[in-house]
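Engineer: sharing a sequence plus its predicted fold:
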Amino acid sequence: MKEGPSAFLITVLCAGIAILYIPMIVLIAYSFNASALVSVWGGFTTAWYATLLHNDQMLDAAWLSLKIGIVASTCAVVLGTLAAIALVRFRTFHGRFLLTSMVNAPLVMPEIITGITQLLLFVAMFNLLGWPHRGFTTIVLSHVAFCTAYVTITVQSRLASADRSYEEAAMDLGASPVRAFMDTTLPLISPALASSWLLSFTLSLDDLVISSFVSGPGASTLPMVIFSKAKLGISPDVNALASLIIGIVGICVIAAGVLMRRTERQRLADAQLASD
């Protein structure tokens, strides 16, 4: 008879979930606090959400962070997928060790070192080429650089376990290697692509250190604005904005989970049908 999880494991799991989510619940609750003081509950109100709608600095920073996150995540998924294909499908080629090292380096490199090195690179490029100007472009390039590493690792593990028999069968039927990959293997690794995109978007949206080094005048991301305000004390409109971000991210994660679950079920159904 199979035994269920022990009471100790359930307790540890509940404690971990509580440590992770109780602060979020408290933050959401205080976004409806009528008092401007974080430590004092002054009643229920939605005034801070209305105040947030008139905070142009906060809204502009949020919109900039969203644009940077979308562009950087999309570019990182494309580059990371290509790097994963090279590492999985081409076992021996000149520069493989160098590529593997370059992929893994951003995962262990301290962000402050990454920010300094990228700042020096952009300054040197601007002096030699007159491009890029520090701002949206440099932040996107920096985020793509470190997000690509996470995409490559995620997609590489999924691609290595993908069954190539479907791709080989498609090529036997006359499809080109690219077409066979797009029609068979790409749908198999689509959950990894979706999760990589979400992970990259989260890392980009959350980044403070690197963005602080490579940003320019008028290009302050949301973490930079929130951090500058936190030095003077957390204002209730920041709580309101954080609550909205938590809600939006939660909805996106649930939607992505449902989509990936449906995709996996469809893949298993197709595999069962093909085996029959």
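Structural biologist: Looks like it came in fine.

Engineer: what's Val214 in contact with, if anything?
Structural biologist: Shown in contact with Val214 (C-beta atoms under 8 Å, 6 or more residues apart in numbering): Gly115, Gln118, Leu119, Phe122, Arg134, Thr138, Ile139, Leu141, Ser142. To be clear about C-beta, it is placed using only N, CA and C from the backbone, and glycine gets the same treatment.

Engineer: need these in TSV (columns: neighbour count).
Structural biologist: Output for those, formatted as TSV (neighbours: other C-beta atoms under 10 Å):
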residue	neighbour count
Gly115	20
Gln118	19
Leu119	18
Phe122	21
Arg134	17
Thr138	26
Ile139	29
Leu141	17
Ser142	26
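
Engineer: nearest to Ala255, of these?
Structural biologist: Proximity of the contacts of Val214 to Ala255 (C-beta to C-beta) peaks at Ile139, which lies at 26.6 Å.

Engineer: after the helix or strand harbouring that closest one, next one along is what?
Structural biologist: Per DSSP states H and E, Ile139 falls inside helix 136-160. Sequence-wise, the next helix or strand downstream of helix 136-160 (DSSP H and E) is helix 165-172.

Engineer: per-domain residue ranges of the chain.
Structural biologist: Domain ranges of the chain: 11-45, 56-242, per automatic domain parsing.

Engineer: out of these, which one sits most buried?
Structural biologist: Scoring these by mean neighbour count under mean count of other C-beta atoms under 10 Å gives domain 56-242 as the most buried, with a mean of 17.

Engineer: avg pLDDT for it?
Structural biologist: What domain 56-242 shows for mean pLDDT is 89.

Engineer: endpoints of it, how far apart?
Structural biologist: End-to-end distance for domain 56-242, by C-alpha to C-alpha, to the nearest Å: 16 Å.

Engineer: what's the offset of it from the middle of its chain?
Structural biologist: Mean-position distance between domain 56-242 and its chain equals 8 Å (C-alpha atoms, centre = their mean, to the nearest Å).

Engineer: quick one, strands of this structure?
Structural biologist: Along the chain, no stretch is classed among the strands by DSSP state E.

Engineer: just send the domains of the chain back as JSON lines, with distance to Ala255 too.
Structural biologist: As requested, these are exported to JSON lines (distance: least, C-beta to C-beta, whole Å):
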{"stretch": "domain 11-45", "distance to Ala255": "19"}
{"stretch": "domain 56-242", "distance to Ala255": "10"}
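
Engineer: any idea which of those domains gets closest to Gly250?
Structural biologist: Closest approach to Gly250 among the domains of the chain (C-beta to C-beta): domain 11-45, 9.3 Å.

Engineer: go through this protein and flag its longest helix.
Structural biologist: For the chain, the longest helix by residue count, based on DSSP state H, is helix 236-275.

Engineer: buried ones in it?
Structural biologist: By 16 or more other C-beta atoms under 10 Å, the buried positions in helix 236-275 come out as Pro236, Asp237, Val238, Asn239, Ala240, Leu241, Ala242, Ser243, Ile245, Ile246, Met260.

Engineer: elements contacting that helix?
Structural biologist: helix 7-30, helix 47-53, helix 56-89, helix 186-206, helix 222-230 (3 or more C-beta pairs under 8 Å, 6 or more residues apart in numbering; DSSP states H and E).
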